[in-house]
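1. Below are the sequence and a predicted model; questions follow.
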2 protein chains.
Amino acid sequence: MGSAERKEREKHEMREMILAAAKKLFIKEGFEHVTIRRIAEEIEYSPATVYLYFADKDTILCALQELGFRDLFKRQQVLSAIKNPAEKLRACGKIYMNFAMENQEWYDLMFIMRAPMKAFESPADWNLGKDTYEVLQSIIIDCIDQGYLKAKDPQIACFSLWSLMHGVVSIFIRDRAPMIPKEHQEQVINGILDFTMSELLDK
Amino acid sequence: MGSAERKEREKHEMREMILAAAKKLFIKEGFEHVTIRRIAEEIEYSPATVYLYFADKDTILCALQELGFRDLFKRQQVLSAIKNPAEKLRACGKIYMNFAMENQEWYDLMFIMRAPMKAFESPADWNLGKDTYEVLQSIIIDCIDQGYLKAKDPQIACFSLWSLMHGVVSIFIRDRAPMIPKEHQEQVINGILDFTMSELLDK
DNA sequence: TTAGTTACTAAACGTTGTTCACAAAAAAGA
DNA sequence: TCTTTTTTGTGAACAACGTTTAGTAACTAA
């Protein structure tokens, strides 16, 4: 009877193996090489076995997405060392866009790709992104409270700034800015941060 | 010998047929139903025939993309009736985001999807998007010249505003904003326009 | 009429994600 | 211990996809 919990442990370990294989393929060979067959090959089981532990491919991608959110959230932690809300806001934007440009495929998976979202049953499963979003949210509220930002609606301000950052990096990642050569992308990102901060903030 | 030009005309007509079929499928059944096999079925030829007129699927999608850019550019024409640059800027943003939200799959094809970009040989083939981008560009220059906007670099200002608009709609289109229910999306878009205009413009 | 070019297609290739009938192994019950 | 049941894993297949190739049919030119 006590074997029930061992079974569950083994099941969990197998799931971890599959995710580890998927992650390895994702990092080493890129998204398009993350196929059920390659994952199966990697863990030395048959493709059909994968389906005993995950409903479908999207569910696996969804789990990978979670790892990305954890990484991003981790990077945001350094923000707590910055006291000035305006500086903090700038640093937050910088961290976000750096993450995106340094891990373009992860960012793509997290914020652009269709696939992993199909696995989202309800908006309740948003705990991942929620944490990272709330970091920005609280910074903006601080900015408003301390008079750096004169926005009426903090929610709109927050969503606007997120949209701006997402817009920039997703245009680059999906190659929609031929007017900006690759080697200038980073300085454009800095230029946009400067522009936003100087146009937006009062002090 | 005079049949040479007839041949070419027939070749052109066939290409048009294929594009028309692709467009029809795209509009009526959505992107994922635009397959070479379905296109072939639609024009009553075999799949292999399609490859006599187009190098690959991406080239076809690229041509569809062009139609989208034409539509967007056409919508922008009403802007010439607006004289005040600030009003014009707002209207431009509204037109852009309305286009995106009303034709989500077209917008996706134009600005998000990976596929059609692979067919772009060189950044020189950007004439399509260039026209629509220059509309925004000239409005912003007018805003700066007439003192509505105090940006140092118009290029950065232009790219920032495009990024903002693209960011908003692409977050919605790719379902990354579970904190905003679908029925609120339009008012958020208006809120962002208000926020941007009031924070950015001086008069 | 014949030789040569062009237009077209059936069939196949190599991929996907996914399912299912079945075998092997492990666990539970007698 | 022997038998029954449940779990765990797989080979083979299905239905799609984009694409290629070998070969046929039709038109063109001499």
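-> Noted; the coordinates are in hand.
2. send the alpha carbons of stretch A:72-82 over as CSV?
-> What follows is stretch A:72-82 as a C-alpha-only set of coordinates in CSV (Å, rounded to 0.1, in the frame of the first residue of the first chain):
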residue,chain,number,x,y,z
LEU,A,72,12.5,37.0,-15.4
PHE,A,73,11.1,37.3,-11.8
LYS,A,74,14.5,36.5,-10.4
ARG,A,75,16.1,39.2,-12.5
GLN,A,76,13.6,41.7,-11.1
GLN,A,77,14.7,41.1,-7.6
VAL,A,78,17.7,43.4,-7.9
LEU,A,79,15.2,46.3,-8.2
SER,A,80,14.5,46.2,-4.5
ALA,A,81,17.9,47.8,-3.9
ILE,A,82,16.9,50.9,-5.8
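3. what about the closest residue to A:Glu105 other than its chain neighbours, how many neighbours?
-> Ranked by C-beta to C-beta, 6 or more residues apart in numbering or on different chains and with sequence neighbours excluded, the top spatial neighbour of A:Glu105 is A:Phe31, at 5.3 Å. Where C-beta positions appear, they are placed from N, C-alpha and C, glycine not excepted. By the other C-beta atoms under 10 Å in any protein chain shown criterion, the neighbourhood of A:Phe31 contains 17 residues.
4. Tell me how far the helix or strand that A:Lys94 is a member of lies from the chain's centre.
-> Take DSSP states H and E as the rule and A:Lys94 turns out to sit in helix A:85-102. In terms of C-alpha atoms, centre = their mean, to the nearest Å, the gap separating the centre of helix A:85-102 from the centre of its chain is 13 Å.
5. per-residue pLDDT, the residue in chain A that chain B sits nearest to?
-> Among residues of chain A, the one nearest chain B by C-beta to the nearest C-beta turns out to be A:Gly167. It sits 2.8 Å away. Model confidence at A:Gly167, expressed as pLDDT, equals 98.
6. what sits against A:Asp58?
-> Counting by C-beta atoms under 8 Å, 6 or more residues apart in numbering or on different chains, A:Asp58 makes contact with A:Ala115, A:Pro116, A:Lys118, A:Ala119.
7. Is the last one in contact with A:Lys57, as I believe?
-> No. Using C-beta atoms under 8 Å as the test, A:Ala119 is too far from A:Lys57 to be in contact (9.0 Å).
8. rewinding a little: for the helix holding A:Lys94, buried residues please.
-> Neighbour-count burial for helix A:85-102, counted by 16 or more other C-beta atoms under 10 Å in any protein chain shown, picks out A:85-86, A:88-93, A:95-97, A:99-101.
9. if we can go back for a sec, kindly indicate which of the contacts of A:Asp58 lies nearest DNA strand D.
-> Using C-beta to the nearest atom of the strand, A:Ala115 is the member of these that sits closest to DNA strand D, with 15.5 Å.
10. ok, now which ones touch the closest one?
-> So, once contact is read as C-beta under 8 Å, 6+ apart, A:Ala115 ends up touching A:Lys57, A:Asp58, A:Leu61.
11. Thanks a lot, catch you later.
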